[in-house]
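Asks: when you get a sec, could you give me coordinates for this:
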Amino acid sequence: MQQKSIRQIVIVGGGTAGWMTAAALSNFIDPKHCQITLVESEQIGTVGVGEATIPHIRVFNQMLGIDEKDFLTQTQATFKLGIKFCGWGDQGQDYFHPFGAHGFEIDKLPFHQYWLHARNQGDTSALDDYSFSITAAKNNKFCFPDESSNSIYSSFSYAYHLDANLYAQYLRTYSEQRGVKRVTGLIAEVAKNATDGFVTSVILNDGQQIKGDLFIDCSGFRSLLINKALNVSFEDWSHWLPCNSAIAVPCETEGEPLAYTQSIAHDAGWQWQIPLQHRIGNGHVFCSEFMTKEQAQDILLNNLPAAPMAEPKQLHFKTGMHEKSWSKNCVAIGLSSGFLEPLESTSIYLIQLGIYKLMELLPDMHFSSVDEDEFNRVVKDEYLKVRDFLILHYKLSDPNKSPFWRYCHDMPIPDSLEQRMALFKETGYFSEYSAGLFLTPSWLSVFIGQGYFPDNIDPRVETLNFDAVSKQLQNMRHYLQQSVDAIPTHKNALNALLKGQAHSHSASLNLYGRR
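Replies: Prediction:
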C-alpha cells in the first residue's frame, strides 16, 4: 500500500522563522506519526531586525499555550501600543500609528467623518487626541484590553518589543521538548528526484544526508531551496521600496522603556528605536543610491539615545518576493519567501501567515496542486497588501526634504494603491479588505498623519449642528484622558506582571483582527 501521510518534515534554517515553524508544527502534529527535523548552522547568524511586533504575535503565543509572564521574562520583552513616526508627517510633524481605533462610531457613521467636519469648521484638535492607544503611549501608560465591548479599554490592542534571538531560543526549547530533532551543519547540496524535481534530501558538509517528504525553507535571504534548488523566480519591488541596506546596533537603556516603537525619518531612509527590558534596538534603513554606508552609520551613531553596546552590523536586502512560496514539496516561510522592510513591524506576522496556511493545507504525499495554488494565492495577496501600505508612507513624503524623498514622492505606484488613495481623496472612505492586516485605523493614521486629506466628507455629517459635534468631541477627549490617567505606567504594568502581581485579561484574537 502506497504511503499517503507525510512522515518526515525537514525545516532548513533556524532563527525566528525556523523555530516558529518548528514550534507550531510540533504543537500541531503527533511526533509518533511524523518526525520534524530542523537543520541550522551556528556559523550563519540571523538577521535580527524584527524585534518589534504587531498584536498578531499574541495569537501565535496563545495557540502554543505560552504563558505571557514566562515569555516576557525569557525574551526581555516590553509592551507596544503602536509606532511613532517622527518627521514623517505633514511639514515634518510626528504622528502615531496606533493598535486601536480613533474615537467611536456616532449614529452609524465613522468617527473620522465627524472629526473632519469639525476640522473644516476650525477645530484644532488632532486625530491622535481621540485614540486610547496614542494617548496612553504619549503618557507612557499601559493596561491590558478589556473584554467588555462597552469599555473604552476594549478599543485598543497591544504587541511586544522583543529580542528576536531570545525568542528563537525560547521556541527551540519548546520545540525540542515536543520531539523536534535539531541537526547542526552547513548544507552543501540539495538532492532532487530526477523525474519530478522534488527535493529528496539535504546533504551537509560532513556528508550527513537528511531525507524528507516535505521541506520548509527558512534559510532567510539565501533561499536555499525555493530559489537556488527549485529556481523559483524573484519579483523585485525595489523601484517602489528603494531602501536596500540597514545598519543595526544595540545601545544601553536609560530611564523607563517606552510603550511604542519609533520610526525616525532621515535624509535617505529612517531609523528604528525599539525599547527592550535590557537594551534598545537601533537601526538605520537607507537607500545606498542616495547615501553611503559611512554616512548612514554616522547618522545612526549620532542619534542613539544612549551608549552603543556593540559594533554596528550592516545588512543588505532587496524588497520583493518569490513568484511562488510553495513549489513541489517545498514551502518557503519568512525571508526565504519574500522581504518587506521593517517599517511596520510585519516580518513575524508574515511568518505567522505562512505557518497558519501551511497547517491549514498540510499536504499528504500526493502534494495537490490545488493546495499549492491556494497557499501561493493567500500568501502573495497578503504580501501585496503590506507592500502597498509601506509604499504609502514613502509616496506621501515631503519632496523638499531631500533627493531621496523627492524620488519617493514622484515615483509611479501600483494601481491597487492608487485606487485606494483616490477613493479616500474623493470621499474620505476606504475600500475594506475581507481579510488582511492593515484595516481602516491603520490607513487613516498614515493618510491624516502625512497630510493627505479628503476633498469631500460624508454629506450627512455636514448637516449636523457644529456646536453639538464640537461638544461631543470635547467630552470624548476629556473622558479618554481621564481613562488614561487611571492606568499604571508602562514600567509599573510590566513589572507587576513579571512579579506575578497582575494578570493579562485581554480578549482572544484572530489572525486578521485587531483584538
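Asks: so who does Pro31 touch?
Replies: Pro31 makes contact with 178-179, according to CB atoms under 8 Å, 6 or more residues apart in numbering. Where C-beta positions appear, they are placed from N, C-alpha and C, glycine not excepted.
Asks: ok, now how distant is it from Gln8?
Replies: In this view, Pro31 and Gln8 are 12 Å apart by CB to CB, to the nearest Å.
Asks: now swap in Gly320 and tell me
Replies: Going from Gly320 to Gln8 by CB to CB gives 31 Å.
Asks: tell me which of these two has more neighbours.
Replies: Using other CB atoms under 10 Å as the criterion, Gly320 and Gln8 rank with Gly320 on top: 19 against 15.
Asks: quick one: pLDDT of the more buried one?
Replies: The per-residue pLDDT reported for Gly320 equals 98.
Asks: next: the one 3 residues further on.
Replies: We have a pLDDT of 97 for Glu323.
Asks: swap in Gly48?
Replies: What the model reports for Gly48 is a pLDDT of 53.
Asks: what's Leu276 in contact with, if anything?
Replies: For Leu276, the contacting residues are 51, 76-78, 161-163, 253, 257, by CB under 8 Å, 6+ apart.
Asks: from Leu392, how far out is the closest residue to it other than its chain neighbours?
Replies: Leaving aside its chain neighbours, Leu276 sits nearest to Gln76 (4.9 Å; criterion: CB to CB, 6 or more residues apart in numbering). Taking CB to CB as the measure, Gln76 and Leu392 are separated by 32 Å.
Asks: before we move on, what about Asn475?
Replies: Separation of Asn475 from Leu392 (CB to CB): 32 Å.
Asks: do Glu382 as well
Replies: Distance from Glu382 to Leu392, counting by CB to CB: 16 Å.
Asks: what's the neighbour count on the spatially closest residue to Phe466 that is not a sequence neighbour?
Replies: Nearest non-adjacent residue to Phe466, counting by CB to CB, 6+ apart: Gln121, 4.9 Å away. For Gln121, the number of neighbouring residues by other CB under 10 Å comes to 12.
Asks: dihedrals phi and psi, Gln121?
Replies: Main-chain dihedrals, Gln121, degrees, to the nearest 10: phi -90, psi 0.
Asks: picking that back up, let's have the contacts of Leu276 in TSV, adding secondary structure.
Replies: Listed next are the contacts of Leu276 as TSV, based on DSSP: H, G, I helix; E, B strand; the rest coil:
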residue	secondary structure
Glu51	coil
Gln76	coil
Ala77	coil
Thr78	strand
His161	strand
Leu162	coil
Asp163	coil
Thr253	coil
Pro257	coil
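Asks: for the chain, what helix or strand is lowest in average pLDDT?
Replies: For the chain, the helix or strand with the lowest mean confidence is helix 459-462, at a mean of 87 (criterion: mean pLDDT, DSSP states H and E).
Asks: could you look up the next helix or strand downstream of that one?
Replies: Using DSSP states H and E, the next helix or strand after helix 459-462 towards the C-terminus is helix 466-485.
Asks: using CSV, write out every CA atom in the helix or strand that that next one is followed by.
Replies: Per DSSP H and E, the first helix or strand lying C-terminal to helix 466-485 is helix 490-498. Extracted in CSV, the C-alpha atoms of helix 490-498 (Å, rounded to 0.1, in the frame of the first residue of the first chain):
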residue,chain,number,x,y,z
HIS,A,490,4.2,51.1,31.2
LYS,A,491,7.1,50.2,33.5
ASN,A,492,4.8,49.5,36.5
ALA,A,493,2.4,47.4,34.5
LEU,A,494,5.3,45.4,33.1
ASN,A,495,7.0,44.9,36.5
ALA,A,496,3.7,43.9,38.1
LEU,A,497,3.2,41.1,35.5
LEU,A,498,6.8,39.9,35.8
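Asks: if you count contacts, what does helix 490-498 end up packed against?
Replies: Helix 490-498 sits against helix 68-75, strand 78-80, with contacts defined as 3 or more CB pairs under 8 Å, 6 or more residues apart in numbering; DSSP states H and E.
Asks: out of these, which is closest to Asn244?
Replies: Each of the helices and strands packed on helix 490-498 has some distance to Asn244 by CB to CB; the shortest is strand 78-80, at 26.4 Å.
Asks: give me the contacts around the closest one.
Replies: Under the contact criterion CB under 8 Å, 6+ apart, strand 78-80 has outside partners 52-53, 72, 99, 142, 158-161, 257, 259-261, 275-277, 490, 493-494.
Asks: and Gln76 and Leu392? Which one has more around it.
Replies: The neighbour count for Gln76 versus Leu392, taken as other CB under 10 Å, is higher for Leu392 (21 against 16).
Asks: surely the more buried one meets Leu417?
Replies: Yes. Leu392 is within contact range of Leu417, at 6.4 Å (criterion: CB atoms under 8 Å).
Asks: could you list every residue that touches the residue nearest in space to the middle of the chain?
Replies: Centroid check for the chain by CA atoms, centre = their mean gives Thr346 as the closest residue, at 1.7 Å. The contact partners of Thr346, by CB under 8 Å, 6+ apart, come to 54, 340, 386, 437.
Asks: the residues you listed in helices, which ones?
Replies: Taking DSSP state H as the definition of helices, the contacts of Thr346 contribute Val386.
Asks: closest to Val484 out of the contacts of Thr346?
Replies: Distance to Val484, by CB to CB, is smallest for Ile54 among the contacts of Thr346, at 21.5 Å.
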